[in-house]
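1. Here is the input, now give the coordinates:
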Amino acid sequence: MIDILTSAFFIFAVIDPIGSIPVYLEATKEFELSKRKKVAKRASMIAFMVLLFFILIGQYILEAMSISLDAFQISGGVILFLFAITMIFGDGKPEKEKNQITDYKHVTVFPIAIPSIASPGAILAVVMRTDNDIYPIQHQLKTTILVAVVIAVTCMILLSANHLQKRIGSYGITVISKVMGLILASYAVQSILSGISDYFNLI
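-> Below is the predicted model:
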């Protein structure tokens, strides 16, 4: 049970649904309420399909490129750590992605689905959490289900985005995003240490 909660919290942190609220509101500010709801549902579905694709195919891509497990753990941890650093010390996920909005007619895919929900960090994280050389199929299936649950929660959060932003405020969203970044940074460091330890047979 604790393992499931830990995995769920990690996936929630890396997807960071709260941090997507300002991006969603900015991207859909010219739309009617019914249109906003459609965008939230479609963006969530697209994001899940992208993450599912990498859950199923990501391992084979790594194997085709002859990338060792240790190398992937270390490099993946470094990338996740850099991604987390931008969440903690940078302008923040919302501001960065809000500034990428140039076409309000195609905001469902970009930037709401990608990279706000299915971010590079989220893609890398789900690939790492479903590695065939580390986790059994049961664990990978559990991770996939948890991703689906978090995406569903993300969709509900986006559907309530206006209300949540009024309740939490811009500063509250920023604080939550930075806390999620801190959690992600901790996981990234652990991944790097595990990769180094396994490579040099330190355990």
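2. residues near I21, how many?
-> As a burial measure, I21 scores 25 neighbours (other Cβ atoms under 10 Å). C-beta here means a position set from N, CA and C on the backbone, and glycine is covered the same way.
3. Likewise for R167?
-> For R167, the count of nearby residues is 9 (other Cβ under 10 Å).
4. buried set for the helix or strand harbouring it?
-> Using DSSP states H and E, R167 sits in helix 161-199. Going by neighbour count (16 or more other Cβ atoms under 10 Å), the buried part of helix 161-199 is 161, 164-165, 173-174, 176-178, 180-181, 183-185, 187-188, 191-192, 194-195, 198.
5. What are the boundaries of the helices in this protein?
-> For the chain, the helices defined by DSSP state H cover 2-15, 21-27, 33-64, 69-89, 93-98, 120-129, 137-159, 161-199.
6. Out of those helices, which is closest to I112?
-> helix 33-64 (4.0 Å; Cβ to Cβ).
7. Could you figure out how far that closest one is turned away from helix 120-129?
-> 50 degrees (axes from the mean of the first three to the mean of the last three Cα atoms, to 10 degrees).
8. ok and helix 33-64 relative to helix 161-199, angle-wise?
-> Using the same axes, to 10 degrees: helix 33-64 against helix 161-199 is 10 degrees.
9. Helix 33-64 vs helix 69-89, what angle?
-> Per the same axes, to 10 degrees, the angle that helix 33-64 makes with helix 69-89 is 150 degrees.
10. So which other helices or strands are in contact with helix 33-64?
-> helix 21-27, helix 120-129, helix 137-159 (3 or more Cβ pairs under 8 Å, 6 or more residues apart in numbering; DSSP states H and E).
11. before we move on, back to that, between the helices of the chain, which gets the lowest average pLDDT?
-> Between these, the one with the least mean pLDDT is helix 93-98; it has a mean of 63.
12. nearest spatial neighbour of I15, skipping sequence neighbours?
-> Of all residues not flanking I15 in the chain, A122 sits nearest, at 5.1 Å (Cβ to Cβ, 6 or more residues apart in numbering).
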